[in-house]
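Enquirer: Give me the fold of what follows.
(one chain, ligands or ions: 1)
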Amino acid sequence: MPVHVHPPLRGQKALVTGASSGIGAGIAQAFGAAGAAVGVNYRSHPDEAERIVEAIRSTGGEAVALKADVSNEDEVRAMFRAFGTTFGRVDILVANSGIQQDAAFAGMTLDQWRRVIDVNLTGQFLCAREAVRRFLAQGRDPSVSRAAGKIICMSSVHEVIPWAGHVNYAASKGGVMLMMKSLAQEVAEMGIRVNGIAPGAIRTPINREAWETPEAERKLLDLIPYGRVGEPEDIAKAAVWLASDDSDYVVGTTLFVDGGMTLYPGFRDNG
Ligand code: BGC
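Expert: Residues are numbered from 1 along each chain as shown. Here you go, the predicted model:
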């Protein structure tokens, strides 16, 4: 069996959306360490994106910050153009950008509904479409990967766990799940691998309220059989594997990285 003697993403060009903080920032840095050149997409925090770019460069990697709102078609196309100008081709997309706009259902505004669907679901559609177009136009480069391109859709345990008070978010992630699988089915014969990652509770700004006080963290841990809150690196390591040829036969799968959150932990002492 071949053993890796070089970084698993060496020579590959990867675009990570929502990479200025949280899970995206963790993935961008892990990709850099794994040998990929990385596009660090951000929408509103250029300084944080530059910090991630510098972190990658300081360890000898290549990276560039790219501003775009993933829900805006023109901005997404411009971002891919800029990425192509800098790196020549694209091998990997991590469609990671995501937001929450939480509200009790009766009080949820149309704007809160739309904004979450626009970023979390339509944003992934726009970025994945652009990536597929480029994968097909540029053709395979067997010296970097067996696949003609790889897409990782960032989902959530809430692609299967219903979530009161977050109906817009859960609907967006349920949508991501079937978008990912339908797209995977459509483009596998073209050599493109599409998969998803479903993180559980990861310590990032999006869910700060759920872990920032000891009481909140204790309550959160009731939902996590493995007994700890996840870190961005937990997701980043899974993303490196899913983007590399080590997972070459993995197509259309959601990889749950959740410390057991989807194991119905309420049944541990009940039922
Ligand atoms: C949400 C977090 C939440 C986690 C587990 C994620 O998709 O963005 O706010 O802590 O799911 O419920």
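
Enquirer: Any figure for the gap between Ala103 and Asn168?
Expert: According to CB to CB, to the nearest Å, Ala103 stands 8 Å off from Asn168. (Each C-beta comes from the backbone N, C-alpha and C, glycine too.)

Enquirer: the more surrounded of the two?
Expert: Counting neighbours by other CB atoms under 10 Å for Ala103 and for Asn168 shows that Asn168 has the greater number, 24 against 15.

Enquirer: hey, what's in contact with both of Ala103 and Asn168?
Expert: Here Ala103 and Asn168 have Gln112 as joint contacts, going by CB atoms under 8 Å, 6 or more residues apart in numbering.

Enquirer: Alpha carbons of stretch 236-254, as PDB, please.
Expert: In PDB, the C-alpha atoms belonging to stretch 236-254 read as follows (Å, rounded to 0.1, in the frame of the first residue of the first chain):
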ATOM      1  CA  ALA A 236     -10.200  20.700   9.300                       C
ATOM      2  CA  LYS A 237      -8.600  17.200   9.500                       C
ATOM      3  CA  ALA A 238     -11.700  15.600   8.100                       C
ATOM      4  CA  ALA A 239     -11.700  18.200   5.300                       C
ATOM      5  CA  VAL A 240      -8.100  17.500   4.400                       C
ATOM      6  CA  TRP A 241      -8.900  13.800   4.100                       C
ATOM      7  CA  LEU A 242     -12.100  14.400   2.000                       C
ATOM      8  CA  ALA A 243     -10.200  16.700  -0.300                       C
ATOM      9  CA  SER A 244      -7.300  14.300  -0.800                       C
ATOM     10  CA  ASP A 245      -6.900  11.200  -2.900                       C
ATOM     11  CA  ASP A 246      -7.000   9.100   0.300                       C
ATOM     12  CA  SER A 247     -10.800   9.400   0.100                       C
ATOM     13  CA  ASP A 248     -10.900   8.900  -3.700                       C
ATOM     14  CA  TYR A 249     -13.700   6.300  -3.500                       C
ATOM     15  CA  VAL A 250     -15.900   8.500  -1.200                       C
ATOM     16  CA  VAL A 251     -18.600  10.100  -3.300                       C
ATOM     17  CA  GLY A 252     -21.800  11.700  -2.200                       C
ATOM     18  CA  THR A 253     -21.400  11.000   1.500                       C
ATOM     19  CA  THR A 254     -22.000  13.200   4.600                       C
END
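
Enquirer: Report the mean per-residue pLDDT for that stretch.
Expert: Average pLDDT, stretch 236-254: 98.
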